[in-house]
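Colleague: I'd like to go over a predicted model; first the sequence, then the structure.
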Amino acid sequence: MSCDLAVIFDVAGTMLKMYRVAKDISRDVFMEGIVTTELVMEKGGRALVIPQLDPKEVMETPPEMPLCKFFRGRDRDVKISCSSTPVIEEEAISVLLRSEVEVRNLQETLTAVCARCPRFYYTTGLITDVETGEVTHSISTGGMPFPALEAVLKELEGMGADIYVASGDSMRSLSSLTKCRGIKEERIYPASKPRQKEEIVKSLKNDYRLVVMVGDGLNDRYALEAADLGVLTVQQDSRPRAELIEAADEVIDDIRKLPGLVRDRLTRIATS
């Protein structure tokens, strides 16, 4: 198969306006509006692990239950979303299976997010440190589509684009995106680490004349570099790191600008 256009979207902060709450467990301090990847990258050996579970299951658990008991028998449902240095899932899971941190830490951040966000998209996770053997943070996220997203997807579809999603989140969380125009479940890649996103882009380049990657975070860096057109969005975070700006071909502050960039690139291909 050879087609003209594939557009791959990251989700959090790219398609969805996010509200995030993290808890520094050792200090018992809550943080709002954090950038999850930056928190992970603060120290080597950290990994963001996302349980592929319904948040309702977390909320129905006795709050005093330690994580080691909660994840016993659920360890296959845990995936690494990103890490500061190479960490294999078995290492991160082993930290969870030894941790006496209580489930209430997850419940507290999830409750804070649910109070602020309509029920469209929720996810919750933990940061493990394989060097110290500790669970350092609990993190919960809620999100709603940016107001212009539906119109942008419609315009891209009108150009003949196939829409893909590559995200570090679980399929359970991402399934809500199938409510959006043009997003098919078979084109959603859940639990995608940064290098996996890059491989998705490279694979699609075998089938499409133009592959566009749209992302907003450090976990999108390699995919932005690999794409024919890498578009960094700063609609959620107006302070992108320098290496992200360098990785992208274009930087936009409004998702509504995306179709114009794509149309211009298609025109250049057609006339070259």
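Modeller: Yep, it's here.

Colleague: and the strands in the protein, which stretches?
Modeller: Using DSSP state E, the strands of the chain run over 3-9, 16-24, 29-32, 46-51, 78-83, 121-129, 134-145, 162-166, 188-189, 208-215, 229-233, 250-252.

Colleague: out of those strands, flag the one nearest residue 68.
Modeller: Closest to residue 68 of these, according to CB to CB: strand 134-145, at 9.9 Å. The way it works is simple: take the backbone N, C-alpha and C, and place the C-beta from them, glycine included.

Colleague: pairing partners for the closest one, with directions?
Modeller: strand 16-24 (antiparallel), strand 121-129 (antiparallel) (DSSP bridges).

Colleague: hey, which of these is tucked in deepest?
Modeller: strand 121-129 (a mean of 25; mean count of other CB atoms under 10 Å).

Colleague: just to revisit the earlier point, which of the strands paired with strand 134-145 sits closest to residue 264?
Modeller: Closest to residue 264 of the strands paired with strand 134-145 is strand 16-24 (CB to CB; 25.6 Å).

Colleague: so which bits of stretch 147-161 are buried?
Modeller: 149, 152-153, 155-156, 161 (16 or more other CB atoms under 10 Å).

Colleague: so of those residues, which ones are in helices?
Modeller: 149, 152-153, 155-156 (DSSP state H).

Colleague: so which residues of the stretch 151-272 of the chain form helices?
Modeller: Using DSSP state H, counting those that start in this stretch, the helices of the stretch 151-272 of the chain run over 171-174, 194-204, 221-226, 242-247, 258-271.

Colleague: let's see the pLDDT reported for residue 236.
Modeller: Per-residue pLDDT puts residue 236 at 88.

Colleague: residues contacting the spatially closest residue to it that is not a sequence neighbour?
Modeller: Using CB to CB, 6 or more residues apart in numbering and skipping the chain neighbours, the partner closest in space to residue 236 is residue 13 (3.7 Å). Contact analysis of residue 13 by CB atoms under 8 Å, 6 or more residues apart in numbering lists 216-217, 233, 235-237.

Colleague: from residue 76, how far out is residue 13?
Modeller: Distance, residue 13 to residue 76, by CB to CB, to the nearest Å: 28 Å.

Colleague: got it, and residue 257?
Modeller: Note on residue 257: its distance to residue 76, by CB to CB, is 41 Å.

Colleague: who's more crowded, the two?
Modeller: residue 257 (17 against 10; other CB atoms under 10 Å).

Colleague: give me the buried positions along the lowest-mean-pLDDT helix or strand in the chain.
Modeller: None of the helices or strands of the chain scores lower by mean pLDDT, DSSP states H and E than helix 171-174, at a mean of 83. For helix 171-174, the neighbour count (16+ other CB under 10 Å) marks 172-174 as buried.
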